[in-house]
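Undergrad: I'd like to go over a predicted model; first the sequence, then the structure.
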Amino acid sequence: MTHPLVEQLRFARSEWRRGLRGVPEVDGFRRFEPMNSIGWIVGHMAWHEQRYWLTRLAGRTPEPILNEVAANGGPATTPSLATMLAAWKRVTAAADVELDAFDEPAMLGRLPGSPPRQVGTAILRVTYHYWFHTGEILAIRQLLDHPNRPEYVGDIDRRAPYRGTTG
């Protein structure tokens, strides 16, 4: 059974994807300083998931380009939205294999590498990171006057209800 924290991460991902729905490639390059471009945000979330679940936890980095164009603290870039979304899909598919293995004892374990972090706390951090950037994406979309933007959290009652750690 999937751990509740992993379910919440996946729901945050799906809401983030919903916030991206309908963004044209050309708008993924747009940057309203000091905000980042949508293309960078997509790459950045792929970078974060890759860093935690693949590089630190599993010892592999399948999308090294993310370290160059979307790492935290790196120079501002405006990568292709389509390219970054494809990388995000590959990273999250690989990360899901790792995430599916997490049970309660694993959540209490340590994520290898630096800074030291408990696995469960790392999942919370990535989940909240998605929500932060969902808001940023929607702010950019407002500035671009995109129609049909999502305005609030989707169907959490059906897709990711609270169920505790015991099911």
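TA: Cool, the structure landed. Residues are numbered from 1 along each chain as shown.
Undergrad: pLDDT score for the residue most central in space within the chain?
TA: With distances taken as Cα atoms, centre = their mean, the residue of the chain nearest its centroid is Met45 (3.9 Å). pLDDT for Met45: 98.
Undergrad: over to the one 10 residues further on?
TA: Note on Thr55: pLDDT of 97.
Undergrad: out of everything not next to it in sequence, what's closest to it?
TA: Thr61 (4.8 Å; Cβ to Cβ, 6 or more residues apart in numbering). Every C-beta, even on glycine, is put in place using the N, C-alpha and C of the backbone.
Undergrad: enumerate every residue touching the closest residue to Arg30 other than its chain neighbours.
TA: Nearest residue to Arg30 in three dimensions, chain neighbours excluded: Ser37, at 6.0 Å (Cβ to Cβ, 6+ apart). Neighbouring residues of Ser37 by Cβ atoms under 8 Å, 6 or more residues apart in numbering: Gly28, Phe29, Arg30, Arg31, Thr77, Thr78, Pro79, Ile140.
Undergrad: any figure for the gap between Arg117 and Val69?
TA: In this view, Arg117 and Val69 are 24 Å apart by Cβ to Cβ, to the nearest Å.
Undergrad: show me which of the two is the more surrounded one.
TA: Comparing Arg117 with Val69 by other Cβ atoms under 10 Å, the one with more neighbours is Val69, at 21 against 17.
Undergrad: show me what contacts Val126?
TA: Counting by Cβ under 8 Å, 6+ apart, Val126 has contacts Leu9, His48, Glu49, Tyr52.
Undergrad: got TSV for the residues you listed, with pLDDT, neighbour count and secondary structure too?
TA: What follows is those, written out as TSV (pLDDT from 0 to 100; neighbours: other Cβ atoms under 10 Å; DSSP: H, G, I helix; E, B strand; the rest coil):
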residue	pLDDT	neighbour count	secondary structure
Leu9	97	28	helix
His48	98	21	helix
Glu49	98	26	helix
Tyr52	97	23	helix
